[in-house]
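**Student:** Just need the structure, nothing else, for what follows:
(one chain, ligands or ions: 1)
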Amino acid sequence: MSEIKTIGVLTSGGDAPGMNAAIRAVVRAGLNNGLKVKGIHRGYLGLIEEDISDMNTMSVSDIIHRGGTILNSSRCLEMMKPEGQKLAADNARKAGIDGIVVIGGDGSFKGAQRLSENGINTIAIPGTIDLDIACTEYTIGFDTAVNTAVEAIDKIRDTSASHERCSVIEVMGRTAGHIALWCGISSGADFSMAPERYDGDESKIIDKIINRRKVGKMHHIVINAEGCGDSYGLAERIEKATGIESRANIIGHMQRGGNPTARDRVYGSAFGAKAVDLLIAGMTNRVVAYKDGEFVDYDIDSALSMTKDVDQLLYELGNRLSR
Ligand code: F6P
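**Tutor:** Sure thing, here's the model as predicted:
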């Protein structure tokens, strides 16, 4: 067992609903184990700029249900440079912090690796709506983001149906199509695009819309993943090729907000508590994950070398059920 006495927690990169549940779990699990806990504000920037404050049990009271992150977040360019990484580690030591929990996506995991190399024990928690972290079957925020997007798509569908239009609806996901496929199945979309599968052949989408119109479908939903590209252009080309009035809607950042679902609160809590257990056990450069029904952990180096694909079954299912 290590001599960890004080831990810090930060959220980094794009925020995700459920991050507050993870922060709460880190703080409460830390305090319950007799540790001091410090909140590092605005991600790695808070380490570099020494924006750090003490946390107690009431600092995380009444936050489990809230979207966003009470610690704020940033994409910190300084943390990509060796000088920034060293300064961050030095400032952690200056603040008496022996171990840090980093909540974020795989970009943030790289910062965690560098902190670990610079002598600060660091554990990462997968927090991103994109579900694009290879070592884990779940990332905090995905469930809330999908449910938020589906609610928006349902509303767009109402007006699309009234006007007998085609709606191209773009969802987030960076270069991954997990959000798009879940939204496509949940909303019974005519076509769901995922960057992992998309070959640029728009004729498949256009033929599908024409065929469905022939069998009496009078409005159409195409779910585009942001990683596949321009939704406005696609809507224009669909209208030109089919003669069906088409509109593009980009749902955007509303997918990152809102009260986390129970699933995001529970996974956030479990990931947070496990991260503290790992720090107490003297571990560093690890990422907590959910795999095959269990909460587990991996070395960050090996986690970052893993690759992830969209689920082929889900990809086929959406398009199969909308014939
Ligand atoms: O990683 C989360 C995410 O919301 C992606 O889906 C999206 O591509 C990106 O962040 C947007 O980032 P920003 O908020 O910096 O524009």
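
**Student:** got the residues of the stretch 1-150 of the chain near the ligand?
**Tutor:** Neighbours of the ligand within the stretch 1-150 of the chain, by CB under 6 Å from any ligand atom: 14, 105, 128-130. The way it works is simple: take the backbone N, C-alpha and C, and place the C-beta from them, glycine included.

**Student:** rerun at 8 Å
**Tutor:** For the stretch 1-150 of the chain, the residues in contact with the ligand (CB under 8 Å from any ligand atom) are 13-14, 16, 75, 105, 128-130, 132.

**Student:** Any idea which residue is closest to the centre of the protein?
**Tutor:** Thr128 (1.6 Å; CA atoms, centre = their mean).

**Student:** Identify the residues contacting that one.
**Tutor:** 13-14, 16, 104-105, 139-142 (CB atoms under 8 Å, 6 or more residues apart in numbering).

**Student:** Can you tell me which of the residues you listed lies closest to Ile179?
**Tutor:** Phe142 (7.2 Å; CB to CB).

**Student:** can I assume that closest one is in contact with Ile133?
**Tutor:** No. Using CB atoms under 8 Å, Phe142 is not in contact with Ile133, being 10.1 Å away.

**Student:** rewinding a little: which pLDDT value goes with the residue nearest to the centre of the chain?
**Tutor:** Thr128 is assigned 98 on the pLDDT scale.

**Student:** What sits closest to it if chain neighbours are left out?
**Tutor:** Leaving aside its chain neighbours, Thr128 sits nearest to Gly105 (3.9 Å; criterion: CB to CB, 6 or more residues apart in numbering).

**Student:** For that neighbour, grab the count of nearby residues.
**Tutor:** Residue neighbour count, defined by other CB atoms under 10 Å, stands at 23 for Gly105.

**Student:** shouldn't it be in contact with Pro126?
**Tutor:** Yes. Look at Gly105 against Pro126 with CB under 8 Å: they come within range, at 7.3 Å.

**Student:** list the residues that contact both of these two?
**Tutor:** With CB under 8 Å, 6+ apart as the test, Gly105 and Pro126 both reach 133, 139.

**Student:** got the residues of the stretch 201-323 of the chain near the ligand?
**Tutor:** So far as CB under 8 Å from any ligand atom goes, the stretch 201-323 of the chain lies against the ligand at 226-227, 253, 255-256.

**Student:** And the contacts of the helix or strand encompassing Lys110?
**Tutor:** Under the criterion of DSSP states H and E, Lys110 resides in helix 106-117. With contact meaning CB under 8 Å, 6+ apart, helix 106-117 is reached by 12-13, 43-44, 75-76, 79-80, 82, 85, 88-89, 92, 100, 102, 122-124, 132-133, 284-285, 287, 300-301, 303-304.

**Student:** out of those, which are buried?
**Tutor:** Buried by 16 or more other CB atoms under 10 Å: 12-13, 43-44, 75-76, 79, 85, 88-89, 92, 100, 102, 122-124, 132-133, 284-285, 287, 300, 303-304, out of the contacts of helix 106-117.

**Student:** For stretch 283-299, report the contacting residues that lie outside it.
**Tutor:** By CB under 8 Å, 6+ apart, stretch 283-299 touches 99, 109, 112-113, 116, 120-126, 133, 135-138, 267, 270-271, 274-275, 278, 300-301, 303.

**Student:** Let me know the average pLDDT across the helix of greatest length in the chain.
**Tutor:** If you go by DSSP state H, the chain has its longest helix at helix 142-162. Across helix 142-162, pLDDT averages out at 98.

**Student:** buried sites along that helix?
**Tutor:** So, applying 16+ other CB under 10 Å, buried residues of helix 142-162: 142-150, 152-153, 156-157, 160.

**Student:** Would you mark the buried spots in stretch 288-302?
**Tutor:** Under 16+ other CB under 10 Å, the buried positions of stretch 288-302 are 288-290, 295, 297-298, 300.

**Student:** What residues does the closest residue to Leu314 other than its chain neighbours make contact with?
**Tutor:** Spatial nearest neighbour of Leu314, chain neighbours left out: Leu181 (4.7 Å); criterion: CB to CB, 6+ apart. The contact partners of Leu181, taken as CB under 8 Å, 6+ apart, are 192, 194, 310-311, 314-315, 318.

**Student:** among those residues, which are in strands?
**Tutor:** Ser192 (DSSP state E).

**Student:** Understood, closing this out.
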